[in-house]
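S.K.: Sequence plus the predicted model coming up.
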Amino acid sequence: MYYITMFIRKHFTIFLMLAAGAVLFFLCTDWAWARAGGGDGYSGGGSFGSSASSNGGSGDGFILYLLIQLVFRHPLIGIPLLIVFVAAGGLSGKKMQNSHVKRTIKRGVQRQNEQRQNDQFDKIRSHDPHFDPAKLIERVKTAFVKIQEAWSGQNMDPVRGFVTDGLAERYGIQFDIQRKDKIRNVMENVTVHSCEIAGVESDVHFESIHFKIRGSAHDTWVSIDTDKVVKGDRQFVSSFVEFWTFIRRPGTQTSEKPGLIEGFCPNCGSPLHMAQSAKCEACGSLVISGEYDWILAKITQESEWRFRHSKRGIEGVAAFQASDPGFNVPFIEDRVSVVFWRYQKALLMKDIGPLQKMATPEFCQKVQKEELDVRHRFYKNVAVGLSEVYKVAFGIPRDKVYVQVKWEGYRVEEQNGELKENPAKSFYSHLLTMARKNGVQTDKKKGLMSAHCQGCGAPVTSGKQDQCEYCGNFLSGGDFDWVIEDFSPHTLKTVEMGQTQYTIQQAYKPKDRILDPVSLLGGLVLVMMADGKIDKEENKLLDDFVKDRHIPQKKFEDIKAAALTGQLQMSVPADVLEGSDWIESMISMCLADGEVTSHERDLLLKFGQKVGMVKSDVDMRIKKIRQTMYTESKMALHN
């Protein structure tokens with residue numbers, strides 16, 4: 001009965017036509033028999049026609065009228081048809097209601113996003129009346145092309161004035177890894193097809209604007225020595241979507257003059273010539289602090305992106321800011337980026353020097369003993385998908401900030417005196433702990449100068465000394481700035497996959513969790529493979545998820561391959577309660593388009609089953625979240 005009902009629901013219009021045909025056939029047969037018998041029967045064609053006209057005209061109502069007539073004339077045929085018609089009509093009404101809810105949620109979500117964005121724009125304009133989003137978009141397009149040129153030339157100096165320390169550090173280490181292999185990545189014929197604002201945030205510390213950029217380029221790898229292509233095709237055009245985040249300090253004024261992106265000091269107008277220095281040579285302004293102009297703070301791939309409002313709940317932040325008003329999340333995340341990439345450089349060089357001034361002595365000793373002295377191991381093609389503060393806590397003698405870092409790369413290890421690269425990409429989720437002496441205050445004027453001495457502003461260079469080379473401050477103890485104290489996987493948990501035991505991370509449980517698509521995919525693959533394999537049905541469901549979330553197919557294949565070899569070390573739900581949190585995140589992600597499709601529901605049910613949830617519980621959560629979003633969307637559309 002279920003399949004018959006679903007078939008009728010799907011082909012309701014065709015059913016109406018067939019039902020009408022059947023009704024007319026039987027009724028017309030009666031009419032023909034009446035006329036052939038000499039005029040007996042129903043009161044003739046004219047009388048019937050006028051009755052039809054007076055009882056509803058056409059469409060569903062007309063067919064219903066005919067069905068009622070058929071019930072009296074041929075009850076054995078009419079009654080079943082009437083029952084099916086009423087049932088199908090109910091399903092059609094339900095389908096129309098579902099379509100209405102879907103449209104309402106989709107429009108409502110869009111309206112809420114637009115309203116939040118407009119509210120943030122109004123907040124920015126309240127102290128910067130000349131702020132113009134359209135002009136800023138054009139500047140971002142210029143910045144995009146300049147960054148691609150700097151990347152291709154392995155030289156960040158021309159763009160150093162408008163990128164944060166964290167991004168500059170990232171590019172510098174990536175260049176070192178490329179030079180070790182004597183290659184460079186060349187992006188030619190770079191084209192920006194579109195650039196639009198995807199989100200706006202504004203608080204007392206920073207204004208942040210996220211741009212969604214669609215671009216294309218001829219993407220190849222060439223030999224540094226010969227300039228010949230070693231990977232890729234110069235005739236092939238690669239398309240991509242990225243999200244770029246620019247930030248500045250509140251109160252910064254928009255200038256009609258060229259600024260950092262154009263290569264000029266926004267304070268004095270002089271051309272910028274920068275390398276490691278954060279200052280304009282002409283006027284001494286700390287130009288990369290965000291105090292004078294927009295600077296690029298983060299680049300996120302489409303598959304990793306999700307909007308995280310600055311006011312999301314992070315445990316301990318509000319309490320900590322009461323003690324240290326200058327404390328802010330963007331600075332911490334940029335500082336973590338610097339530390340992470342210096343850690344990668346230490347592994348590459350097999351030298352603790354790059355990390356020395358940004359880590360506690362205990363951490364440096366641990367890395368030296370457990371990593372550098374044991375074997376030469378480093379990672380190529382490293383990419384960071386997520387760097388997110390989860391918790392801030394007071395402590396004696398040091399306060400702590402806990403940050404999740406999700407990253408990936410190809411592991412290179414020394415074996416029998418030779419460096420060998422693992423062909424399978426590894427995926428990791430680490431909890432990075434930053435520490436600073438209790439009572440130290442954040443200097444608001446330094447902005448995002450996260451790789452500079454908080455005492456004198458000089459760049460923090462590599463070297464096996466704990467002191468700033470300019471002012472002599474000891475940097476490794478956390479007396480002036482945040483330093484890394486620990487870099488460990490999440491709580492280890494062992495699962496059986498076939499005949500082999502694999503170690504994966506049990507997720508840290510933050511408040512207000514917002515999972516990105518790739519993190520969800522990694523967890524889904526690990527959970528699906530808990531019995532040792534992903535069957536055909538599960539693979540199809542995951543493949544649909546990948547396509548719906550715009551995750552590259554190659555990343556999906558890399559994640560599956562990593563899971564099979566034990567290299568997928570990402571977060572999974574630790575219990576049913578956390579599994580339900582994952583389910584709700586997935587439902588909310590799906591409902592951004594207004595509905596949970598049949599294959600999305602199948603995936604939710606399969607995942608729910610794997611983590612110990614029953615079907616009715618999953619369906620109840622879908623219904624509850626959908627109703628909540630529908631109510632919120634209606635309110636947004638009516639306001």
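M.R.: Arrived safely.
S.K.: From here on, just use CA atoms for contacts and neighbour counts.
M.R.: Fine.
S.K.: What pairs with the helix or strand hosting residue 218, parallel or antiparallel?
M.R.: Using DSSP states H and E, residue 218 sits in strand 207-223. According to DSSP bridges, strand 207-223 has the following sheet partners: strand 183-202 (antiparallel), strand 229-248 (antiparallel).
S.K.: Between the ones you listed, which one is closest to residue 521.
M.R.: strand 229-248 (19.0 Å; C-alpha to C-alpha).
S.K.: Please enumerate residues in contact with the closest one?
M.R.: By C-alpha atoms under 8 Å, 6 or more residues apart in numbering, the surrounding residues in contact with strand 229-248 are 206-223, 289-302, 305.
S.K.: any idea of the pLDDT on residue 372?
M.R.: pLDDT for residue 372: 92.
S.K.: now it: how far from residue 162?
M.R.: According to C-alpha to C-alpha, to the nearest Å, residue 372 and residue 162 sit 34 Å apart.
S.K.: For the two, work out which one has more neighbours and name it.
M.R.: Shown here are residue 372 and residue 162; by other C-alpha atoms under 10 Å, residue 162 has more neighbours (25 against 20).
S.K.: Look up the closest residue to the more buried one, ignoring the ones flanking it.
M.R.: residue 295 (4.5 Å; C-alpha to C-alpha, 6 or more residues apart in numbering).
S.K.: Contacts only, for that neighbour.
M.R.: Each residue near residue 295 by C-alpha under 8 Å, 6+ apart is listed here: 161, 162, 163, 164, 246, 247, 248, 260, 288.
S.K.: Test of understanding: give the bridge partners of it.
M.R.: Counting by DSSP bridges, residue 295 forms beta bridges with residue 247.
S.K.: Low-confidence stretches in the stretch 351-500 of the chain?
M.R.: Applying pLDDT under 70 to the stretch 351-500 of the chain flags residues 490-500.
S.K.: typo on my end, it should be the stretch 201-350 of the chain
M.R.: In the predicted model of the stretch 201-350 of the chain, residues 274-278, 308-312 satisfy pLDDT under 70.
S.K.: quick one: the helices in it?
M.R.: 317-323, 329-349 (DSSP state H, counting those that start in this stretch).
S.K.: Now the first one - C-alpha only, CSV.
M.R.: Taking only C-alpha atoms (Å, rounded to 0.1, in the frame of the first residue of the first chain), the coordinates of helix 317-323 have been written out as CSV:
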residue,chain,number,x,y,z
VAL,A,317,35.8,33.8,26.7
ALA,A,318,33.4,36.3,28.4
ALA,A,319,34.9,35.6,31.9
PHE,A,320,38.4,36.0,30.5
GLN,A,321,37.7,39.3,28.7
ALA,A,322,36.4,40.7,32.0
SER,A,323,39.9,40.2,33.3
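S.K.: What residues of that helix count as buried?
M.R.: Within helix 317-323, the residues scored as buried using 16 or more other C-alpha atoms under 10 Å are 317, 320.
S.K.: can you pull the contacts of residue 163?
M.R.: For residue 163, the contact set (C-alpha under 8 Å, 6+ apart) comprises 288, 295, 296, 297.
S.K.: Which of those residues lies at the shortest distance from residue 446?
M.R.: Nearest member of the contacts of residue 163 to residue 446, counting by C-alpha to C-alpha, is residue 288, at 8.8 Å.
S.K.: burial count for the closest one?
M.R.: By other C-alpha under 10 Å, neighbour count at residue 288 equals 27.
S.K.: isn't it right next to residue 164, touching?
M.R.: Yes - Residue 288 lies in contact with residue 164 (C-alpha atoms under 8 Å); the separation is 6.5 Å.
S.K.: Quick check: neighbours shared by the two?
M.R.: With C-alpha under 8 Å, 6+ apart as the test, residue 288 and residue 164 both reach 295, 448, 449.
S.K.: and those residues as JSON lines, adding distance to residue 197?
M.R.: JSON lines is the format used below for these (distance: C-alpha to C-alpha, whole Å):
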{"residue": "295", "distance to residue 197": "16"}
{"residue": "448", "distance to residue 197": "22"}
{"residue": "449", "distance to residue 197": "25"}
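S.K.: which one of the residues you listed is nearest residue 100?
M.R.: Here the nearest of the shared contacts of residue 288 and residue 164 to residue 100, counting by C-alpha to C-alpha, is residue 295; it sits at 42.6 Å.
S.K.: Distance of that closest one relative to residue 464?
M.R.: Distance from residue 295 to residue 464, counting by C-alpha to C-alpha: 31 Å.
S.K.: same deal with residue 304?
M.R.: According to C-alpha to C-alpha, residue 304 and residue 464 sit 36 Å apart.
S.K.: These two: which is more packed in?
M.R.: residue 304 (19 against 13).
S.K.: Please tell me how far that one sits from residue 167.
M.R.: Separation of residue 304 from residue 167 (C-alpha to C-alpha) stands at 17 Å.
S.K.: Right, I'll leave it there.
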